[in-house]
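**Student:** with the sequence up front, the predicted model follows.
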Amino acid sequence: KGPDPDVEFIRAKLSNVKHKILVLSGKGGVGKSTFSSQLSLSLARSDASEVGLLDIDICGPSVPKMMGLEGEEVHQSNNGWSPVYVQDNLGVMSIGFMLPNPDDAVVWRGPRKNALIKQFLRDVDWGELDYLIVDSPPGTSDEHISLAQYLSLSDVDGAIIVTTPQEVSIIDVKKEINFCKKVGIRVIGVVENMSYLAMPLTEMRIQDPSDPGRDLTDKFSEFLRSENLENCVACAQVFPPTKGGAEKMAQDMQVPFLGKIPLDTKVAMAAENGESILEKGPGAAYNAYKEIVTVVA
Ligand code: ADP
């Protein structure tokens, strides 16, 4: 069997993209798509780079919503599919744009998913790109194998793996790291998302534990005012890292650790509304993203 012309074509086409970064996670629901979206927004914002975000989480495409592009459609041009643009230097491609109804389930077998990924890699007209961020499905499935097949892995910068501090998520991250090692993808680093809860004290609802119906929020607000604590944030370990969390795991697996992003209403709101956390003003999540983007860029 000779070389697959599509593979040759894709590799040649994407060789013009300066940086290609895969975003992976062992499990769903750990914030991988949120991270991919925020990373893309941050890169496009921080140094006016040309950024493309490719969502190949085919069964659960959440990127259109997270980028504020719900209801948008992909158009065909002479040069292929045009991405949907958030702003001049940030284009997005997702199967979410192609579903007539966003609530429709995508129930596809491997070959069909594989064909779509190939089409995405081959036919999207990104123009000049500094960064191509690929939001991949959780785990190590058909889609990852397709990606590994089509992308010239030596030409990919590598993968960022997102996890929560919980052991259930971290176990699967180890598998993800081993997958990367096996297929020759460099691990750029591990990000621990939802590391702790960062919540403005003024947004906390305070209850009496022995009488849950008794709301002490007003009393607490009064206390905050009297002590000048209104701008402070409460940090709480929601998912205790029983075995040292992602940082320890990264150390053990000898891959870089990129940082801890808190569970933060600002992140949740940014993801709901297609905004960048960097527009939401300083805070723990803002600082974490700033630091991670500096390392990645
Ligand atoms: P995944 O892509 O891993 O399945 P998502 O990115 O869809 O996960 O995130 C799952 C949910 O968690 C989303 O509703 C998102 O808004 C929320 N979320 C993710 N990260 C954070 C965070 N750091 N703070 C608050 N909410 C978050």
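**Tutor:** Received, thanks. Residues are numbered from 1 along each chain as shown.
**Student:** tell me which parts of the chain are close to the ligand?
**Tutor:** 25, 28-34, 62, 193-194, 261, 263-264, 267-268, 271 (C-beta under 6 Å from any ligand atom). (Each C-beta comes from the backbone N, C-alpha and C, glycine too.)
**Student:** which of the residues you listed fall in helices?
**Tutor:** Among the residues of the chain next to the ligand, DSSP state H puts Lys32, Ser33, Thr34, Val267, Ala268, Ala271 in helices.
**Student:** just the buried ones from the residues you listed?
**Tutor:** Of all these considered here, the ones buried according to neighbour count by 16 or more other C-beta atoms under 10 Å are Lys32, Ser33, Thr34, Val267, Ala271.
**Student:** ok but Lys243 is inside a strand, no?
**Tutor:** No - counting by DSSP: H, G, I helix; E, B strand; the rest coil, Lys243 is not found in a strand; it is coil.
**Student:** quick one, what contacts it?
**Tutor:** Residues in contact with Lys243 (C-beta atoms under 8 Å, 6 or more residues apart in numbering) are Glu167, Ile170, Met249.
**Student:** and for Gly245?
**Tutor:** Gly245 sits next to Pro165, Ile170, Glu192, Ser195 when contact means C-beta under 8 Å, 6+ apart.
**Student:** by neighbour count, which of those residues wins?
**Tutor:** Within these, most neighbours by other C-beta atoms under 10 Å means Glu192, with 29 neighbours.
**Student:** need the ones in helices among the residues of the chain next to the ligand in TSV (columns: distance to Val156 and pLDDT).
**Tutor:** Shown next, in TSV, are these (distance: C-beta to C-beta, whole Å; pLDDT from 0 to 100):
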residue	distance to Val156	pLDDT
Lys32	17	96
Ser33	19	96
Thr34	22	97
Val267	27	94
Ala268	30	93
Ala271	26	91
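**Student:** relative to Glu73, which of those is nearest.
**Tutor:** Proximity of these to Glu73 was ranked by C-beta to C-beta; the top entry is Ser33 with 20.0 Å.
**Student:** residues near the nearest residue to the closest one once chain neighbours are set aside, how many?
**Tutor:** Closest residue to Ser33 in three dimensions, ignoring its sequence neighbours and counting by C-beta to C-beta, 6 or more residues apart in numbering: Ser62, at 4.7 Å. Neighbourhood size, Ser62 [other C-beta under 10 Å]: 19.
**Student:** picking that back up, going by distance to the ligand, which of the contacts of Gly245 wins?
**Tutor:** Sorting the contacts of Gly245 by distance to the ligand puts Ser195 at the head of the list, at 8.3 Å, by C-beta to the nearest ligand atom.
**Student:** tell me the secondary structure at Ser221.
**Tutor:** At Ser221 the chain is in helix, as set by three-state DSSP.
**Student:** before we move on, what about Val106?
**Tutor:** Val106 - assigned by three-state DSSP - is coil.
**Student:** just the strands in the stretch 101-250 of the chain please.
**Tutor:** Under the criterion DSSP state E, counting those that start in this stretch, the stretch 101-250 of the chain carries strands at the ranges 131-135, 158-163, 187-200, 207-208, 211-215, 233-236.
**Student:** make JSON lines from those and add mean pLDDT to it.
**Tutor:** JSON lines is the format used below for the strands of the stretch 101-250 of the chain (pLDDT from 0 to 100):
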{"stretch": "strand 131-135", "mean pLDDT": "96"}
{"stretch": "strand 158-163", "mean pLDDT": "96"}
{"stretch": "strand 187-200", "mean pLDDT": "94"}
{"stretch": "strand 207-208", "mean pLDDT": "90"}
{"stretch": "strand 211-215", "mean pLDDT": "88"}
{"stretch": "strand 233-236", "mean pLDDT": "90"}
